[in-house]
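Asks: below: sequence and its predicted model.
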Amino acid sequence: MTFGHLTSPTRHFVLQTIEGTPGTISAAGHRYTRIGTQMEWTADELDKLAASTKYTAEGLDAIRESAGELAGELHKVASRYSGTGPVLVTYATALRKAQRTTVDPLVQPIRDAHQAAQEAADELRRAQNASDDLDHTWPWEDEPTEADRQAAASGVSTARTAARTADGALEDLWESFETGYDEWEKAYEAAVTGVENACEASGIDDTWWEDLLDGLATVATVIGTIAVIAAIIISGPIAGVLLAIAAIASFVALAAHLTMMIAGSKRVSMTDIVFDLIGVVPFLGAFGKALKGGQGVLGSLRAAAGLGGATRGTLSAGRNAVAYDLRSIAGAGGRYGGRAAREARAAGIADDFFRGIQNSWGRNAWNAIRQGGTQLDGQAATMAERLASAWPGGRAGNATRNWLAGVDGPGALMQGTNVWNLGYGGYQSLQGAGVPLPDLPDVVPNPFAGR
């Protein structure tokens, strides 16, 4: 626990009590030592079995081989426990001393002494000001007498002595605090180093589950990113299936990271969880919208997975709307003249319009990314843009307006989310492929760390 912003004058240690429970730490250390001893004894017995040549049966040969392998692993684990136990016991002793004698008992006296030193300094300042005022009297005031000056000088002397005494007492307390705190800090650093050395010396990696889940999340991200990119390139029913795969991959990555966090893994933070949640937002949003539209649970799942987006039929309907309006709206067709000429040329103009959209690869890909859909969704968005801003041959007719009303795209926020997800997924995929890119900062701590 810290107390205000007081720090020691020489070493700049923060005035605080030392946290921790020495009894619990010491008990854990003794327990680790006992476990290490038991493991070492078991490993020695397995070594004896592995080295024994008394029995030569093939079945026993296999048992001896397994015993030797297990003994080796037990020796490693035992060294970790045997190395960690005494380190914890030693630190518990240093912690107990700091809490009972050298650090914690000095915290409140230092606060009191600091307050007393400030008050003594204030009193000295007031006494000095009163003494100085005797040298600056107003014309209507009586001149100070010698007795007045002696009393003021005495007051200054007394206040100065009190201030020096208070400062000295505070300085002595700070010196003792710094000595005790430095001793505890060295013991803490030695304990951390000792535990790390014991773990490194054992050569045991007991975070296999973290490796597995972290790897699973990475693979899911890579698969999801590739699936989204493929859906932008490939057309047809397979594109919708690819988006469904990407949606599933997003949930797999989220589940893996949540499991790691709840288990207390230090490899994952709330930043990762937030980014994973952003990855599933488009799916959840599309599912809720489709469910609200009365498509039912299964239909909503299909729509949310990208299986209910734009089709070739959607694009064909847009092209046909253009042709219909060109034939039916007076003045449409521009320089092509009368109605007969317009009707004759309507199909060709609509085809040229549609062909120009299909050839706009970059715009279609960008629109597909923003829509969070397939290549056909990107083409439909491009067609809607051009029909709304540059309708061929004049103004849009009823058929075109009806088609536009049926093309439902996400809002600006969801489009930004879709762009972010593909960009972040691509970034993580490059990291997973071994490209040396820096990790994004963990701006939010893991609330489950240490559980």
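Replies: Arrived safely. Numbering: from 1, shown residues only.

Asks: just the helices in the stretch 351-451 of the chain please.
Replies: 361-371, 375-389, 398-406, 412-432 (DSSP state H, counting those that start in this stretch).

Asks: so what's L277 up against?
Replies: Listed by CB atoms under 8 Å, 6 or more residues apart in numbering, the contact partners of L277 are L254. All C-beta atoms are positioned from the backbone trio N, CA, C, and that covers glycine.

Asks: swap in the one 3 residues further on?
Replies: The neighbours of V280, taking CB under 8 Å, 6+ apart as the test, are A247, S250, F251, L254.

Asks: any regions of the stretch 1-150 of the chain where pLDDT drops low?
Replies: 1-4, 52-68, 70, 137-142 (pLDDT under 70).

Asks: give me phi/psi at V14?
Replies: phi -70, psi 140 (degrees, to the nearest 10).

Asks: so it bridges to which residues?
Replies: Note on V14: beta-bridge partners by DSSP bridges are T7.

Asks: my guess is it contacts T7, does it?
Replies: Yes: between V14 and T7 there is a contact at 5.5 Å, judged by CB atoms under 8 Å.

Asks: all helices for the stretch 201-350 of the chain, in order.
Replies: Going by DSSP H, counting those that start in this stretch, the stretch 201-350 of the chain shows helices at 208-233, 237-262, 270-292, 296-304, 312-328, 339-358.

Asks: now do I262 against R125, distance only.
Replies: 58 Å (CB to CB, to the nearest Å).

Asks: same thing with G411?
Replies: G411 is 65 Å from R125, by CB to CB.

Asks: so for these two, which residue has more residues nearby?
Replies: Using other CB atoms under 10 Å, the more surrounded residue of G411 and R125 is R125, with 12 against 9.

Asks: that one in helix, strand or coil?
Replies: Here R125 is recorded as helix under DSSP: H, G, I helix; E, B strand; the rest coil.

Asks: tell me the contacts of it?
Replies: Counting by CB under 8 Å, 6+ apart, R125 has no contacts.

Asks: residues of the helix or strand hosting T90 that come out buried?
Replies: Assigned by DSSP states H and E, T90 belongs to helix 58-97. Judged by neighbour count using 16 or more other CB atoms under 10 Å, the buried positions of helix 58-97 are 64, 67, 70-71, 74-75, 77-92, 94-97.

Asks: give me the pLDDT for the residue nearest to Y424 when sequence neighbours are not counted.
Replies: Nearest non-adjacent residue to Y424, counting by CB to CB, 6 or more residues apart in numbering: F275, 6.2 Å away. Among the per-residue scores, F275 shows a pLDDT of 82.
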